[in-house]
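**Q** sharing a sequence plus its predicted fold:
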Amino acid sequence: MTRLRDIYGPGHTHLDYQRALAAGHETGWWDEHGVTAPWPEDLHEWPPAPVTTDQPDPIETDQPPF
């Protein structure tokens with residue numbers, strides 16, 4: 001069983017977060033008032049993966065890389 005003080009960050013159940021908060025531990029997430037809160041249920045990865053549509057610059061083989 002996970003110790004309540006080890007429930008920090010994403011990946012735990014909402015019930016785990018509620019139990020940890022009730023015991024006075026922090027979860028690593030805070031609400032808009034700065035109060036420690038459970039992680040959102042729809043957030044499974046932190047930090048979120050960057051969203052990019054940029055294509056990498058093509059590498060010219062006859063040019064030095066700098």
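**A** Looks like it arrived, so ask away.
**Q** okay, now D57: neighbour count?
**A** D57: 6 surrounding residues under other C-beta atoms under 10 Å. Using the backbone N, CA and C atoms, a C-beta is placed for each residue, glycine as well.
**Q** could you check how far it is from Q63?
**A** Using C-beta to C-beta, to the nearest Å, one gets 11 Å for the distance from D57 to Q63.
**Q** where in this structure is pLDDT low?
**A** For the chain, the stretches with pLDDT under 70 are 1-5, 44-48, 53, 56, 64-66.
**Q** doesn't A20 make contact with G9?
**A** No - using C-beta atoms under 8 Å, G9 is not in contact with A20; the gap is 11.2 Å.
**Q** and the two? Which one has more around it.
**A** Set G9 next to A20 and count neighbours by other C-beta under 10 Å: A20 wins out with 22 against 11.
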